[in-house]
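**Q** Coordinates for the following, if possible.
(one chain, ligands or ions: 1)
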Amino acid sequence: MKKVLLALVDGLRPDAVQQSCPALCRMAQEGQADFGAQTTFPPVTLPCHLSLFHSVGPERHGVFTNDWTPMVRPVPGLVEVLHAAGRSTALFYEWEPLRDIARPGSATFARYQALPWEHPAAMEREREQAQAAADYIRREQPDFVFFYLGYTDNAGHQFGWMGREYQEAAANADGCIRQLWQEFAGEYAFIATADHGGHLRTHGQDCPEDMQIPLIAWGGAFPGREAAGGLFHSGHCPHRCPAAGGSLPQGVGGAQPAA
Ligand SMILES: [Zn+2]
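**A** Got it, this is the predicted structure:
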């Protein structure tokens with residue numbers, strides 16, 4: 001069974017993948033992809049990540065903004081489930097509130113480094129993060145890797161979604177994921193997605209630009225041709241993740257291979 005690397009590019013719209021992300025497009029062509037997957041509402045970073053890692057909506061995990069609060073009736077998340085199954089996990093992220101996607105004591109390794117706001121410096125920092133992830137994965141070969149890149153969302157807020165800087169940020173993120181894909185395709189299945197999209201200089205509304213995300217699955221025994229969006233809504237995701245000994249939920253990797 002392959003290990004799993006989940007790459008998440010904050011604020012990456014499906015049409016930006018098609019315009020600026022050649023590696024993700026190739027991953028989609030060779031694997032399974034849905035460029036019309038729906039994230040959970042509200043399309044905001046922390047609520048969407050908590051849904052992704054806990055397989056429940058905000059009405060259940062209780063986080064509707066980027067301020068985390070502990071669950072009244074806790075649901076075990078993906079990292080806790082993997083820990084209980086004796087699997088190792090490594091989390092790489094650049095936005096500090098993501099520390100709350102896993103409870104203390106469950107992750108094997110985490111690397112956080114803040115992003116600068118400046119456009120070239122932020123992209124350089126993301127390439128450093130990719131290099132740090134590659135070094136760690138090569139050395140430790142964790143069962144599950146979460147590889148988060150945050151600057152594409154920052155570029156959308158600063159310069160506007162789908163503008164030149166945003167597209168450059170998306171292309172840079174694509175290169176970071178390509179680096180890991182090239183080195184670790186033999187041992188890892190890859191999932192690439194986003195937490196939400198965006199429009200103008202914001203996101204958070206119930207509109208297609210904010211709600212649609214890319215969902216790409218490559219190299220694993222993923223069930224296919226089901227309705228899209230299951231990754232964010234399935235009640236089974238953590239327990240059926242390949243790295244946890246199961247298979248991915250129905251709905252991960254839908255129809256629509258990218259043309
Ligand atoms: Zn944002």
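
**Q** Helices of the chain, start to end?
**A** Along the chain, counting by DSSP state H, helices occupy 14-20, 22-30, 45-54, 58-61, 78-84, 119-140, 151-159, 164-184, 208-211, 230-233, 237-240.

**Q** Which positions within the fourth one qualify as buried?
**A** Just to be clear, that refers to helix 58-61. 58, 60, 61 (16 or more other Cβ atoms under 10 Å). In this view, the C-beta of every residue, glycine as well, is placed from N, C-alpha and C.

**Q** Would you confirm that the first one contacts residue 47?
**A** Meaning residue 58. Yes. Between residue 58 and residue 47 there is a contact under Cβ atoms under 8 Å: 4.7 Å.

**Q** hey, what's in contact with both of the two?
**A** Contact with both residue 58 and residue 47 is made by residues 40, 64, according to Cβ atoms under 8 Å, 6 or more residues apart in numbering.

**Q** so which of the helices of the chain comes closest to residue 70?
**A** Closest to residue 70 of the helices of the chain, according to Cβ to Cβ: helix 58-61, at 9.8 Å.

**Q** Show me what that closest one is packed up against.
**A** Contact analysis of helix 58-61 by 3 or more Cβ pairs under 8 Å, 6 or more residues apart in numbering; DSSP states H and E lists helix 45-54 as its packing neighbours.

**Q** Mind listing what's buried along the helix it packs on?
**A** Quick answer for helix 45-54 (16+ other Cβ under 10 Å): 45, 46, 47, 48, 49, 50, 51, 52, 53, 54.

**Q** remind me which residues of the stretch 101-250 of the chain are low pLDDT?
**A** Under the criterion pLDDT under 70, the flagged ranges of the stretch 101-250 of the chain are 223-250.

**Q** Let me know how buried residue 67 is, in neighbour terms.
**A** By other Cβ atoms under 10 Å, 9 other residues sit near residue 67.

**Q** What lies in contact with stretch 122-134?
**A** 90, 92, 94, 111, 113, 115-116, 145, 147, 149, 151, 154-155, 168-169, 172-173, 175-177, 179-180, 183-184.

**Q** Next up, the contacts around residue 158.
**A** So, once contact is read as Cβ under 8 Å, 6+ apart, residue 158 ends up touching 117, 119, 165, 201.

**Q** try 10 Å
**A** 117, 118, 119, 122, 151, 165, 166, 169, 201 (Cβ atoms under 10 Å, 6 or more residues apart in numbering).

**Q** could the helices of the chain be laid out in a markdown table, adding distance to residue 104?
**A** Below are the helices of the chain laid out as a markdown table (distance: least, Cβ to Cβ, whole Å):
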| stretch | distance to residue 104 |
| --- | --- |
| helix 14-20 | 34 |
| helix 22-30 | 33 |
| helix 45-54 | 15 |
| helix 58-61 | 17 |
| helix 78-84 | 10 |
| helix 119-140 | 20 |
| helix 151-159 | 26 |
| helix 164-184 | 26 |
| helix 208-211 | 32 |
| helix 230-233 | 25 |
| helix 237-240 | 17 |
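
**Q** Check the buried residues of helix 45-54 against residue 10 and report the nearest one.
**A** residue 45 (6.1 Å).

**Q** ok, that closest one touching residue 210?
**A** No. With contacts counted by Cβ atoms under 10 Å, residue 45 stays clear of residue 210, the gap being 11.8 Å.

**Q** ok, for residue 196, nearest residue in space, not its chain neighbours?
**A** residue 43 (3.4 Å; Cβ to Cβ, 6 or more residues apart in numbering).

**Q** Now for that neighbour: which residues touch it?
**A** 11, 194-198, 203-207, 209-213.

**Q** Many thanks, have a good one.
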